[in-house]
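> quick one, what's the 3D model for this:
(one chain, ligands or ions: 1)
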Amino acid sequence: MSLSASPLAITIATRESRLALWQAEHVRSLLEGRGHRVTLLGMTTLGDQILDRSLSKVGGKGLFVKELELALEDGRADIAVHSLKDVPMELPPGFALACVMEREDPRDAWVSPHCAGLADLPPDAVVGTSSLRRLVLLRAGLDQLGRHDVRIEPLRGNLDTRLRKLDEGRYHAIVLAAAGLKRLGLEARIRHIFEASDSLPAAGQGALGIEVRADRSDLLAALAPLAHQPTWLRVAAERTVSRAMGGSCSMPLAAYADWDRSGALRLDAAWGDPEGRSSLVRVGEQATVTTLADAEVLGERVARSLRDAGAASPAAEA
Ligand SMILES: NCc1[nH]cc(CCC(=O)O)c1CC(=O)O
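Residues are numbered from 1 along each chain as shown. Next up is the predicted model:
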């Protein structure tokens, strides 16, 4: 039995930020290495155009994904490469996640020209971040240090834009995904990487997923060898927590899974009240996980624990 699918001509739909292009090129080279012919189709999505408002206010993650899906639907492209963090928990009918690839560093990074970390910030400092998750986790860390003077301000734009805003002096420090910085060769800008215990990552952070039309069995076969099963199981557990909590990027939710020394999957989750009315809720559980279904059971359990511990779904908040 041959494991290799027959060579295909594959067009990749991609956003045009430097990070998105790096990711698409990465998949291109892996597919070319397996004998496929690959073309890139660059596209600007609504999410890339809206830079002045917080994404959570204008419709969330789907903004980065929808236009690429249209290109798959009408046949202009065959596959779309996504940062899994930006992919909604439920894909629209007719689409499938063909594979999840090996994870880059999933942690958050602290970037600052003058400050080594939270404890090092000058009085009334301003820290930039685009995510509610980072906001509530940073707030909790700052509260622990008694730093009620520090302000956390929104920061939007692609990676280069965010770094430029830091360099212009608008922030003392910013917090970003380490994965993006590392992929673009910007690792030298990282002053500090938060351990998961200090800034629990978002579901899927650092992992890439490839989306196809569900009826393209030729592509499903061609992409299967790019899958990294240990990553897939981790992010399946994480994404289940988000889905069970009704998660979108308007919810300050973290979910992070990793294998422990015994080979079990340990899943941690955190939820914070963006208005700061209640303190951070944090839970964690582990289970033996060998299938996607096992991962989802663990994710459901952790979501239930979060709710039992006081985390609220959007409906309950309204
Ligand atoms: N929300 C934007 C986004 N989507 C994916 C990444 C980084 C890389 C990744 O998680 O794969 C980023 C930037 C960031 O959060 O700083």
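
> pretty sure residue 88 sits in a strand.
No: applying DSSP: H, G, I helix; E, B strand; the rest coil, one finds residue 88 to be coil, outside a strand.

> how far away is it from the ligand?
13 Å (Cβ to the nearest ligand atom, to the nearest Å). C-beta here means a position set from N, CA and C on the backbone, and glycine is covered the same way.

> in terms of pLDDT, where does that residue sit?
At residue 88, the pLDDT value in this model is 85.

> distance check, it against residue 239.
Residue 88 sits at a distance of 10 Å from residue 239 (criterion: Cβ to Cβ, to the nearest Å).

> skipping its backbone neighbours, what lies nearest residue 177 in space?
residue 205 (5.6 Å; Cβ to Cβ, 6 or more residues apart in numbering).

> count residues in the vicinity of that neighbour, would you?
When neighbours are defined as other Cβ atoms under 10 Å, residue 205 has 27 of them.

> that one is in contact with residue 176, isn't it?
No: using Cβ atoms under 8 Å as the test, residue 205 is too far from residue 176 to be in contact (10.6 Å).

> which residues are common contacts for the two?
Jointly contacting residue 205 and residue 176 under the rule Cβ atoms under 8 Å, 6 or more residues apart in numbering is no residue at all.

> as a check, name the ranges of all strands in the stretch 201-318 of the chain.
Per DSSP state E, counting those that start in this stretch, the stretch 201-318 of the chain carries strands over the ranges 208-213, 253-259, 265-271, 281-287.

> now do the stretch 51-200 of the chain
Taking DSSP E, counting those that start in this stretch to define them, one finds strands in the stretch 51-200 of the chain at 79-83, 95-100, 108-111, 126-129, 151-154, 173-177, 190-193.

> and these: which comes nearest residue 24?
Nearest to residue 24 among the strands of the stretch 51-200 of the chain is strand 79-83 (5.0 Å), distances taken as Cβ to Cβ.

> pull up the pairing partners for that closest one, direction included.
Strand 79-83 pairs in its sheet with strand 9-15 (parallel), strand 208-213 (antiparallel), by DSSP bridges.
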